[in-house]
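J.: Let's see this in three dimensions:
(one chain, ligands or ions: 2)
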Amino acid sequence: MSNIVIIGAGIAGISSALTIQKKFPKAKITIIADKFSPFITSDVAAGFWWPYLVNFPNPDLLNRICRDTFNYISSLVEKEDAGAMWQSGYEVNRELTEIPHWAPLVRGFRRLNEDELNRLGEGYKSGQFFTTLALEPTTYIAYATKEFLSKGGIIKQEKVENLVELTDSFDVVVNCSGLGARDLVGDKQISPIRGQIIRVRAPRVKHFFCDGDYYCLLNSNCVILGGTHDEGEWNMEVNQDTAKKILEENIKRTPELKGAEIISHHVGLRPFRSSLRLEKETIRNTNGRETTVIHNYGHGGSGITLFWGCALHVVELIGNGKAHL
Ligand SMILES: Cc1cc2nc3c(=O)[nH]c(=O)nc-3n(C[C@H](O)[C@H](O)[C@H](O)COP(=O)(O)OP(=O)(O)OC[C@H]3O[C@@H](n4cnc5c(N)ncnc54)[C@H](O)[C@@H]3O)c2cc1C
Ligand SMILES: O=C([O-])C1=[NH+]CCC1
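T.: Ligands and ions are numbered 1, 2, ... in the order given. Coordinates of the predicted model:
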């Protein structure tokens, strides 16, 4: 039986494990990670489907990845335990912006007129109203992990010090290490963009609102207020002044937030890379053994927006050449 290992148990790792399990049902598939949900970056995510703080040089493939992920999350809405839901709202900008490439994917995309922009706040020059999806990441990772284990998947807690060491015992290694790739494969192109958020209970909030500075996003079990983005910042401590500012600024934009119950504060480090790394390499180790390595990391602020399309592409990269797996 062939042996496949996925490094990482975040949204990228667990989804890659599922697509590989489906494509190669006879293979032995193991997820190795040093940290698991609910203690990883993926758990901090709002789960909002909206390409944000991510670069990828191939627009056609990016559109396909966006479409595949959007369609997959929409298929999960009917499953009560997957954490998916629809939500509508406003995205506005203080500068003139083009219609985004993903506009045809979301539902009811409509540009806002000048009167609407003025009523939403001062200084907004462009914006749109649309319906998109949210996938509560901790809920989804639990749902996906249950499916992976039910089909014979194996999970090991371990910090991988050297990826090449795995090539002696695995036919395929899939690197979904997120920001960990900086050390794991010495990739200095990946660095953190620190984000701080507040989870609140605010049942009167019925629309999302984002304006490039702050955001108020809904998901299946709370409302998420954000949106700091500090490049190169590794500090994981919640900053109380930042939290106060996030709350105040969001209340100005969404007054229904007044009196909202604070549930929790979180900080996460978005794994930002000059370009999302979704590619294959072949490693021949000192014993002359050749192993296929697939890299799937560097999703920045869009891990939940891109995960399923990336996981499907991971299987393509492993390729039919491995149909015997
Ligand atoms: C505040 C905030 C809000 C966000 N909101 C959204 C949103 O609304 N929508 C969206 O699309 N994206 C959002 N994101 C971005 C999203 O969270 C990330 O893009 C995504 O979580 C990255 O997933 P990942 O699986 O690559 O990484 P992670 O979740 O960090 O998982 C990496 C895994 O690799 C393991 N690992 C790393 N190195 C090693 C090693 N050497 N050995 C063993 N295991 C290792 C870790 O233990 C972990 O299990 C947000 C991010 C932040 C910070
Ligand atoms: O990274 C982030 O903060 C977000 N990504 C999509 C919505 C918010």
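J.: List the contacts of the host helix or strand of Cys216.
T.: Element membership for Cys216 (DSSP states H and E) is strand 215-219. By Cβ atoms under 8 Å, 6 or more residues apart in numbering, the residues outside strand 215-219 that reach it are 46-48, 83, 85, 87, 89, 134-136, 205-206, 208-210, 223-227, 250, 253-254, 257. (Glycine included, C-beta is placed from N, CA and C.)
J.: switch to 6 Å and redo it
T.: Strand 215-219 is contacted from outside by 46-48, 87, 134, 136, 208-209, 224-227, 250, 254, using Cβ atoms under 6 Å, 6 or more residues apart in numbering.
J.: who does it pair up with?
T.: strand 208-210 (antiparallel), strand 222-226 (antiparallel) (DSSP bridges).
J.: ranking these by burial, who's on top?
T.: strand 222-226 (a mean of 24; mean count of other Cβ atoms under 10 Å).
J.: That one near ligand 2 anywhere?
T.: Yes: interface with ligand 2: strand 222-226 contributes Gly226 (Cβ under 6 Å from any ligand atom).
J.: does ligand 2 sit close to whichever helix or strand comes after that strand?
T.: Downstream of strand 222-226, the first helix or strand assigned by DSSP H and E is strand 230-231. No: using Cβ under 6 Å from any ligand atom, strand 230-231 stays clear of ligand 2, with a minimum separation of 11.4 Å.
J.: Minimum distance to ligand 1: which of the strands paired with strand 215-219 has it?
T.: strand 222-226 (5.6 Å; Cβ to the nearest ligand atom).
J.: what comes into contact with the closest one?
T.: Here strand 222-226 has contacts from 46, 197-200, 202, 205, 215-217, 246, 250, 263, using Cβ under 6 Å, 6+ apart.
J.: Going by distance to ligand 2, which of these wins?
T.: Closest to ligand 2, out of all of those and judged by Cβ to the nearest ligand atom, is Ala46, at 5.0 Å.
J.: tell me the contacts of the closest one?
T.: Contacts for Ala46 (Cβ under 6 Å, 6+ apart) come out as 217, 224.
J.: tell me the pLDDT at it?
T.: Predicted confidence (pLDDT) for Ala46: 96.
J.: No further queries at this time; thank you.
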